[in-house]
Structure formats: C-alpha cells, structure tokens
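K.L.:
Give me a model of this one.
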Amino acid sequence: MDKPNKKAQLKIQEMAFVLVAVVFLFALIFLFFARFQFAQMTDIAEKLREIRTMTMLRVVASLPELRCSSSFGSATEIACIDKDKLAAFDTDSRLRARYENLWVPASITRISVDEVYPSGKSYKIYEKPTSESTVTSITYIPLCEETNTRRSKCIIAKIKITTIMP
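P.N.:
Got it, this is the predicted structure:
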C-alpha cells in the first residue's frame with residue numbers, strides 16, 4: 001500500500017510543479033506584453049501632446065482678437081497677427097483673463113509672441129507660474145501693423161507656447 005501512495009504523491013507533486021512553471025511562464029509573458037503596451041502608450045501620449053501644442057499654436061495665430069483685419073489687403077490671405085491688437089492684448093490684463101479658461105485645460109503655462117527681426121520686443125498673451133518641468137514649442141508668423149499710408153508693414157515674429165510635461 002505504501003508504494004501506490006508514494007507514486008500518487010509523486011504524480012501530484014509533478015503536476016503542481018508543472019502548474020507553477022506554466023503560471024510563471026504566463027506571468028513573464030504578461031510582463032513583457034504589459035511593458036510593450038506601456039511603451040506604445042507613452043509614444044502615443046507624446047504624439048498627442050505634440051499635436052495638441054501645434055493646434056494651440058494655430059489657435060493663437062487665428063484668434064480674431066489678434067488676427068490681421070481686412071484692411072491689410074493681401075495680408076489676410078496668409079495667417080498674420082496685428083501688432084496693434086497684440087500690444088493691446090499684452091497690456092490689458094482683463095482681456096488676458098477672459099482667455100484663461102482656454103489655456104488652463106491644455107496645460108499651457110506661457111504664451112508669448114516675440115519679434116524676431118528687427119527689434120526683438122516680446123508680447124505676453126498668457127502666463128501662469130509653475131514649478132513643474134515644461135517644454136516650449138515655437139512657430140513663426142508675420143506680425144503686421146498698418147502704417148500712415150494705409151499699407152501694412154510686416155516683420156517676422158515667433159509664437160512660443162510653453163506646456164507642462166506630464
């Protein structure tokens with residue numbers, strides 16, 4: 001009677017070790033799969049952040065409060081920013097406060113327009129101090145102003161948007 005019991009116990013132990021090995025193998029496969037999926041999700045999240053930032057750059061450039069008016073003639077066929085409107089936006093904190101709800105959900109901490117050539121003056125559209133790490137995206141756009149002769153004078157400017165990195 002002892003011999004069949006020992007054989008049965010040995011078979012049960014064998015089966016238990018095989019089950020443990022199979023569970024361990026599936027756990028390793030799951031860990032590799034989860035790591036692969038996490039890497040893919042991180043890449044997708046980074047691309048979505050870039051797309052969101054580029055979209056916000058276009059939104060800033062096309063705001064009616066900043067966009068060139070029809071009196072600029074051919075300047076309205078391209079996207080441009082009116083320098084006078086931008087200066088008003090820069091100095092009027094109440095106007096900037098009205099747009100705060102647009103920037104906060106997008107994790108934007110700073111929006112500015114800097115003249116590149118010739119002067120280098122900077123205009124602030126929005127700013128929220130943060131201690132988190134940030135990334136800045138830039139695009140170039142014409143910054144136009146109407147002169148006394150009803151002609152527009154355009155210079156090169158860049159729109160800078162700083163967003164919080166997750």
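K.L.:
Pull the contacting residues for residue 107.
P.N.:
163-164, 166 (C-beta atoms under 8 Å, 6 or more residues apart in numbering). Any C-beta I mention is one placed from the backbone N, CA and C, and that applies to glycine too.
K.L.:
What's the ChimeraX line that selects buried ones from these?
P.N.:
Buried residues among the contacts of residue 107 (16 or more other C-beta atoms under 10 Å), as a ChimeraX selection:
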select :163
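K.L.:
Quick one: name whatever helix or strand follows the longest helix along the chain.
P.N.:
Longest helix of the chain, by residue count under DSSP state H: helix 2-61. Per DSSP states H and E, the first helix or strand lying C-terminal to helix 2-61 is strand 81-82.
K.L.:
Remind me what that next one packs against, helices and strands.
P.N.:
Secondary-structure packing of strand 81-82 (3 or more C-beta pairs under 8 Å, 6 or more residues apart in numbering; DSSP states H and E): strand 134-146.
K.L.:
and the strand it packs on, which strands flank it?
P.N.:
strand 81-82 (parallel), strand 152-164 (antiparallel) (DSSP bridges).
K.L.:
what's the angle between it and helix 2-61?
P.N.:
20 degrees (axes from the mean of the first three to the mean of the last three C-alpha atoms, to 10 degrees).
K.L.:
Dihedrals phi and psi, the residue lying closest to residue 165 once chain neighbours are set aside?
P.N.:
Leaving aside its sequence neighbours, residue 165 sits nearest to residue 133 (C-beta to C-beta, 6 or more residues apart in numbering; 4.8 Å). When read as degrees, to the nearest 10, the backbone of residue 133 gives phi -70, psi 140.
K.L.:
Run through the chain and note the low-pLDDT ranges.
P.N.:
1-4, 70-78, 150 (pLDDT under 70).
K.L.:
Assign residue 132 to helix, strand or coil.
P.N.:
coil (DSSP: H, G, I helix; E, B strand; the rest coil).
K.L.:
now the residue lying closest to it once chain neighbours are set aside, which residues is it bridged with?
P.N.:
Using C-beta to C-beta, 6+ apart and skipping residues adjacent in sequence, the residue nearest residue 132 is residue 164, 5.0 Å away. The partner list for residue 164 in beta bridges (DSSP bridges) reads residue 134.
K.L.:
just checking, residue 125 touches residue 113?
P.N.:
Yes. Between residue 125 and residue 113 a contact is recorded at 6.7 Å, counting by C-beta atoms under 8 Å.
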